[in-house]
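**Student:** after the sequence you'll find the predicted model.
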Amino acid sequence: MQSDNSILTTNQWTLLSNLITNYDERKLLSIAEQLMTNYDQTLAKEFLMKINEISETYIRSNSDFRTLSSDDRSVFLRNIAENVRCLSTVISWHQTQIYNSQSFINIHIHFYGENSVTMIRRILKFIDPDIIIAKLILSLFAFSNHVSIFSSHMTIKPFNTLAIFQIQNRYAEVTWKYLIYQYGYDQSIQRFNNLIQCLLAATMTVFDAQKNENHVNEITPLVEQTELLLVLDDIERIDESKT
């Protein structure tokens, strides 16, 4: 992408580039391609677990999340894990069209219930076909903190909501400016409207998923593993600063 400083500043282009590269779905797409041609239950489970791995990598790679205080990160971690995992699933379904494989859908229903498929298909109606915008939507949703209000699996503790709000604002501005840069005002309005509908549908999907025991059992180790790796990352950065 060629920078146009009349629309996005240099810092905003850098942020946009980082948000895109932080979410790397290539390994997930590779597994999906195999599933589309040769269905295997073990491969299907690997696909589902790979979504967790990609979500963890995104969270750890996001510099805005890393710069939150350790207490704020700890409180907000489950929220961001839920949100990123949700839209990671949607993006992977959209890119690979794996939802056309009834065998895969059956195994998904087995783990998460039929309503989960219905909810994901609802988000798919609004997900943007431009993968860059889809990744920006994921980043916007990652820092949406309203979902925790409804969840029985999250401990509601105070954290720096202003810092989260500022991150959301930066991401929303970059998303809107990229839309204008790429598609002009008329298309941008329509796409941004779909973006809002996508986020609303995703919110309801996360709320619904938190009632599913299998989902909760998968999210918990994702949160614990990510938290441990974040601590190790912090220790490594401190050690590097001393040398």
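**Tutor:** Sure, I can see it. All values reported here derive from a predicted model rather than from experimental measurement.
**Student:** what about the helices in this protein?
**Tutor:** 10-22, 26-37, 41-61, 63-66, 70-96, 102-112, 114-124, 131-142, 161-209, 213-242 (DSSP state H).
**Student:** with mean pLDDT and mean neighbour count as added columns, please give these in CSV.
**Tutor:** (Glycine included, C-beta is placed from N, CA and C.) Output for those, formatted as CSV (pLDDT from 0 to 100; neighbours: other C-beta atoms under 10 Å):
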stretch, mean pLDDT, mean neighbour count
helix 10-22, 94, 16
helix 26-37, 83, 15
helix 41-61, 88, 18
helix 63-66, 93, 16
helix 70-96, 92, 22
helix 102-112, 87, 16
helix 114-124, 95, 17
helix 131-142, 96, 23
helix 161-209, 94, 17
helix 213-242, 86, 13
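**Student:** was I right to think residue 56 contacts residue 224?
**Tutor:** No. At 10.6 Å, residue 56 does not count as touching residue 224 under the criterion of C-beta atoms under 8 Å.
**Student:** got the contact list for the residue positioned nearest the centre of the chain?
**Tutor:** Centroid-nearest residue in the chain, with C-alpha atoms, centre = their mean: residue 84, separated by 2.5 Å. With contact taken as C-beta atoms under 8 Å, 6 or more residues apart in numbering, residue 84 is in contact with 55, 58-59, 138, 141-142.
**Student:** hmm, 10 Å instead?
**Tutor:** Residue 84 sits next to 23, 51-52, 54-59, 62, 65, 138-139, 141-143, 222, 226 when contact means C-beta atoms under 10 Å, 6 or more residues apart in numbering.
**Student:** cool, and residue 237?
**Tutor:** Residue 237 sits next to residue 66 when contact means C-beta under 10 Å, 6+ apart.
**Student:** look up how far residue 124 lies from the closest residue to residue 31 other than its chain neighbours.
**Tutor:** Closest residue to residue 31 apart from its sequence neighbours, by C-beta to C-beta, 6 or more residues apart in numbering: residue 47 at 4.7 Å. Computed as C-beta to C-beta, to the nearest Å, the residue 47 to residue 124 distance reads 17 Å.
**Student:** run through the residues that contact residue 22.
**Tutor:** Residue 22 neighbours (C-beta under 10 Å, 6+ apart): 57-63, 65, 135, 138-139, 142.
**Student:** grab the nearest non-local neighbour of it.
**Tutor:** residue 61 (4.2 Å).
**Student:** ok, that neighbour touching residue 21?
**Tutor:** Yes. Checked against C-beta atoms under 10 Å, the pair residue 61 and residue 21 is within contact range at 8.1 Å.
**Student:** just to revisit the earlier point, wait, the residue nearest to residue 31 sits on residue 96?
**Tutor:** Yes. Counting by C-beta under 10 Å, residue 96 is a contact partner of residue 47 at 9.3 Å.
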